[in-house]
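Student: Could you work out the structure for the sequence below:
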Amino acid sequence: MRINKVVIVGGGSSGWMTAAGLCKNFDDLDVTLIESKDIKTMGVGESTLGQFNSFLRLIGLDKDDYWMKEVDGTYKISIKFTDFREKDSVFHYPFGHHNAENIPRGLDCWPLLRQINPEYNTLEKFARFYHPFVHLAEEGKMTYNDDDSLVGFKFKSDTAYHIDAIKFGIFLRDKICLPAGVHHITEEIIDIKKKENGDIDYLLSESGIKLEADLFIDCTGFKSLLLEETMGSKFISFNETLVNDKALAAKVQYNDIEKEMENVTNCTAIKNGWVWNIPLWNRIGTGYCYSSKFVSREQAEIEFRNHLKKQGKELPDDYEFNEINIRHGKREKGWVGNVLGVGLSYGFIEPLESTGLLTTHENIYKLVRTLQRRDRWVCGLDKSIYNRWLDELLDGCRSFIEMHYALSMRDDTEYWKHVTSIPYINEYDVHQLEVGVFRHPNFGGLIGGLPYIAAGMGYLPTYVLGTGAPGSGTISPEEVEYFNDINKQFMMFTDQIKAYVDTLPTHYQFLKDNIYS
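Tutor: Predicted structure coming up:
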């Protein structure tokens with residue numbers, strides 16, 4: 001079947017991102033978006049990952065960052081984890097590809113250095129060793145320079161964004177979608193008619209508009225009106241291992257904008273969950289993601305307020321928090337018949353690694369590429385491939401998030417005792433940890449972001465120089481001298497990096513000069 005007409009149900013960031021992806025890549029595709037005029041928006045702020053740049057290229061926003069002014073955007077080059085390993089600990093998960101290929105012993109080098117040199121007992125050094133531009137994140141500085149003074153730093157690929165997701169949806173609607181001819185209807189859907197084969201025949205709006213399409217895209221959020229309620233794609237819960245089912249969100253103002261406008265998303269572990277901190281241009285988006293199994297709504301608010309107070313952010317007694325019910329999991333299939341789910345309507349995992357928008361824009365990207373393959377002609381095989389890919393995407397995100405709890409060393413509350421004792425069942429990352437840390441004489445056995453999380457949590461290789469066998473072997477004087485020489489080179493380079501970073505503007509000043517001037 002050839003897809004000539006698409007109806008998107010639901011607006012917000014996922015709906016308008018989908019519409020933008022389609023209208024910017026298919027000139028003659030008929031796209032209609034219908035949304036309720038009474039939907040409550042949350043506006044908690046969104047944090048993106050490096051893959052967001054691929055979506056920007058898909059819709060033609062990659063040439064410059066003028067659009068950031070429309071969405072109160074700021075830059076992001078790392079995720080900072082505070083108090084996750086234990087209280088008073090900090091480590092970074094920087095973006096971009098590590099430069100271990102140019103370092104003897106690759107990802108093994110730093111863990112081995114740590115065995116012979118007391119200076120490397122500080123776990124924070126792992127990210128600095130392989131990503132020198134972590135110094136930018138630690139100092140709150142920013143630069144456009146690619147591979148000049150900061151080895152391995154590529155601005156366009158290693159930089160993501162903090163954005164106001166509501167404003168981003170509005171920007172896409174007004175500046176991209178409507179000018180491109182996307183039809184916009186603000187009405188309720190009052191009826192859904194199905195064909196004999198189970199596909200949707202048409203939707204009926206409250207004013208009697210009959211909406212027919214070759215493909216209906218569900219962007220109705222957790223409700224999943226089309227995919228789950230109408231097409232019966234069963235919900236598969238992840239709550240067995242991901243126990244945070246509630247969140248309280250707030251907007252706070254800057255006290256010292258130069259210092260507080262970090263170019264990182266800061267995630268801070270507290271008693272019964274963690275707090276996000278997303279610095280936008282005009283405010284900070286923050287929230288407490290927690291488990292109702294271990295703390296009541298009232299006590300969670302007290303814990304959140306106490307955390308904010310320590311940051312100098314006291315809120316009025318009558319402040320109204322946005323309360324969010326989190327439904328961890330995915331639908332059994334993301335594409336059923338002539339219905340496809342995008343965003344929360346397909347699946348969701350708590351935003352500890354900014355996977356909310358990630359799964360949304362990756363879903364859209366995959367859809368566009370699928371339609372481009374044969375000029376919008378799709379068959380059952382395309383749907384099967386798509387569903388398999390969606391499964392792997394959500395399962396991979398789930399496993400990665402689980403590792404942030406599984407590897408923590410905290411046991412100071414019942415919550416932390418519980419999440420660190422769960423027998424996490426996803427075999428993929430468990431196998432990666434086993435091979436990368438214990439069995440294989442190469443920490444590079446780990447892939448993606450897992451080395452940074454494992455190292456930041458102190459989950460390091462135990463094998464000894466010379467043999468690669470755990471707990472055995474000796475370190476020769478030649479090897480000690482060899483690795484000490486690497487250390488001297490690294491320390492010299494670190495001093496150069498620090499001197500260079502000192503000359504750079506703060507993230508706030510950089511944005512003020514280049515984006516918000």
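Student: And stretch 76-86, what's buried?
Tutor: Buried residues in stretch 76-86, counted by 16 or more other C-beta atoms under 10 Å: 76-85. C-beta here means a position set from N, CA and C on the backbone, and glycine is covered the same way.
Student: and what of stretch 15-30?
Tutor: Buried residues in stretch 15-30, counted by 16+ other C-beta under 10 Å: 15-26, 29-30.
Student: Out of those, which is nearest to residue 242?
Tutor: residue 17 (24.4 Å; C-beta to C-beta).
Student: ok, the closest one - contacts?
Tutor: Listed by C-beta atoms under 8 Å, 6 or more residues apart in numbering, the contact set of residue 17 reads 55, 168-169, 172, 342, 360-361, 364.
Student: what's the closest of those residues to residue 374?
Tutor: For the contacts of residue 17, the nearest to residue 374 is residue 364 (18.5 Å; C-beta to C-beta).
Student: mind checking how far the lowest-mean-pLDDT helix or strand in the chain is from the chain centre?
Tutor: Using mean pLDDT, DSSP states H and E, helix 427-433 stands out as the lowest-scoring helix or strand of the chain, at a mean of 73. Computed by C-alpha atoms, centre = their mean, to the nearest Å, the chain-centroid distance of helix 427-433 equals 20 Å.
Student: so how far is the very next helix or strand once past that helix from its chain's centroid?
Tutor: Later in the chain than helix 427-433, the nearest helix or strand by DSSP states H and E is helix 450-456. In terms of C-alpha atoms, centre = their mean, the centre of helix 450-456 is found 16 Å from the chain centre.
Student: quick one on the thing from earlier: just flag the most distant two among the buried residues of stretch 15-30.
Tutor: Pairwise distances across the buried residues of stretch 15-30 peak at 18.5 Å for 17 and 30 (criterion: C-beta to C-beta).
Student: can you list the weak-confidence ranges in this structure?
Tutor: Filtered on pLDDT under 70, the chain yields the residue ranges 40-44, 99-102, 104, 146-151, 425-428, 438-441, 463-475.
Student: rewinding a little: with the contacts of residue 17 in mind, which one is nearest to residue 422?
Tutor: Of all those, residue 422 sits closest to residue 360, with 27.2 Å by C-beta to C-beta.
Student: Including secondary structure and distance to residue 308, could the buried residues of stretch 76-86 go into CSV?
Tutor: Shown next, in CSV, are the buried residues of stretch 76-86 (DSSP: H, G, I helix; E, B strand; the rest coil; distance: C-beta to C-beta, whole Å):
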residue, secondary structure, distance to residue 308
76, strand, 21
77, coil, 25
78, strand, 22
79, strand, 20
80, strand, 17
81, strand, 19
82, strand, 14
83, coil, 15
84, coil, 19
85, coil, 22
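Student: Residue 154: which of those residues is nearest?
Tutor: Ranked by distance to residue 154 (C-beta to C-beta), the buried residues of stretch 76-86 are led by residue 77 at 10.8 Å.
Student: Please parse this protein into its domains.
Tutor: Listed domain ranges for the chain are 5-74+162-239+331-400, 97-149+426-502, 246-325 (source: automatic domain parsing).
Student: mind checking which of the ones you listed is nearest residue 508?
Tutor: Nearest of those (C-beta to C-beta): domain 246-325, 4.3 Å.
Student: Mind checking which residue lies nearest the centre of the chain?
Tutor: By C-alpha atoms, centre = their mean, the chain has its centre lying nearest to residue 354, at 2.1 Å.
Student: For that residue, list the residues it contacts.
Tutor: Counting by C-beta under 8 Å, 6+ apart, the residues that residue 354 touches are 46-49, 79, 160, 265.
Student: Could you work out the most separated pair of these?
Tutor: Farthest pair in the contacts of residue 354, by C-beta to C-beta: 46 and 79, 13.6 Å.
Student: For the contacts of residue 17, name the two members farthest from one another.
Tutor: That would be 168 and 342, which, of these, are the farthest apart (C-beta to C-beta) at 15.0 Å.
Student: Could I get the buried residue list for stretch 254-261?
Tutor: Under the neighbour-count criterion of 16+ other C-beta under 10 Å, stretch 254-261 has 254, 257, 260-261 buried.
Student: er, stretch 28-41 I mean
Tutor: Across stretch 28-41, burial judged by 16+ other C-beta under 10 Å covers 29-35.
Student: What of stretch 167-184?
Tutor: Residues of stretch 167-184 classed as buried by neighbour count (16+ other C-beta under 10 Å): 167-173, 176-178, 180, 182, 184.
Student: mind checking the end-to-end distance for that stretch?
Tutor: Length of stretch 167-184, first residue to last, C-alpha to C-alpha, to the nearest Å: 17 Å.
Student: Quick check: nearest residue in space to residue 203, chain neighbours excluded?
Tutor: Excluding the flanking residues, the one nearest residue 203 by C-beta to C-beta, 6 or more residues apart in numbering is residue 211, at 4.3 Å.
Student: now the one you found: how far from residue 445?
Tutor: Residue 211 is 51 Å from residue 445, where distance means C-beta to C-beta, to the nearest Å.
Student: What segments of the stretch 51-200 of the chain are helices?
Tutor: Secondary structure of the stretch 51-200 of the chain by DSSP state H, counting those that start in this stretch: the helices cover 52-58, 109-116, 125-130, 134-139, 155-158, 165-171.
Student: Mind listing the residues bridging to residue 286?
Tutor: Residue 286 has these beta-bridge partners by DSSP bridges: residue 250, residue 277.
Student: That one: what's it in contact with?
Tutor: So residue 286 contacts 45, 249-252, 275-278, 308, 313 (C-beta under 8 Å, 6+ apart).
Student: and stretch 416-423, C-alpha only, in CSV?
Tutor: Taking Å, rounded to 0.1, in the frame of the first residue of the first chain, the C-alpha atoms of stretch 416-423 are listed here in CSV:
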residue,chain,number,x,y,z
TRP,A,416,18.1,2.5,47.6
LYS,A,417,18.4,-0.9,49.3
HIS,A,418,15.6,-2.1,47.1
VAL,A,419,16.7,-0.8,43.7
THR,A,420,20.3,-2.0,44.3
SER,A,421,19.0,-5.5,45.1
ILE,A,422,16.7,-6.0,42.2
PRO,A,423,17.9,-9.0,40.0
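Student: tell me which residues in that stretch are buried?
Tutor: Residues of stretch 416-423 classed as buried: 416, 418-419 (neighbour count, 16+ other C-beta under 10 Å).
Student: For the buried residues of stretch 167-184, work out which two are farthest apart.
Tutor: Top of the distance list for these (C-beta to C-beta): 167 and 180, 19.2 Å.
Student: thinking again about what came up before, export the helices of the stretch 51-200 of the chain to CSV and tack on distance to residue 64?
Tutor: Converted to CSV, the helices of the stretch 51-200 of the chain look like this (distance: least, C-beta to C-beta, whole Å):
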stretch, distance to residue 64
helix 52-58, 10
helix 109-116, 36
helix 125-130, 29
helix 134-139, 20
helix 155-158, 10
helix 165-171, 15
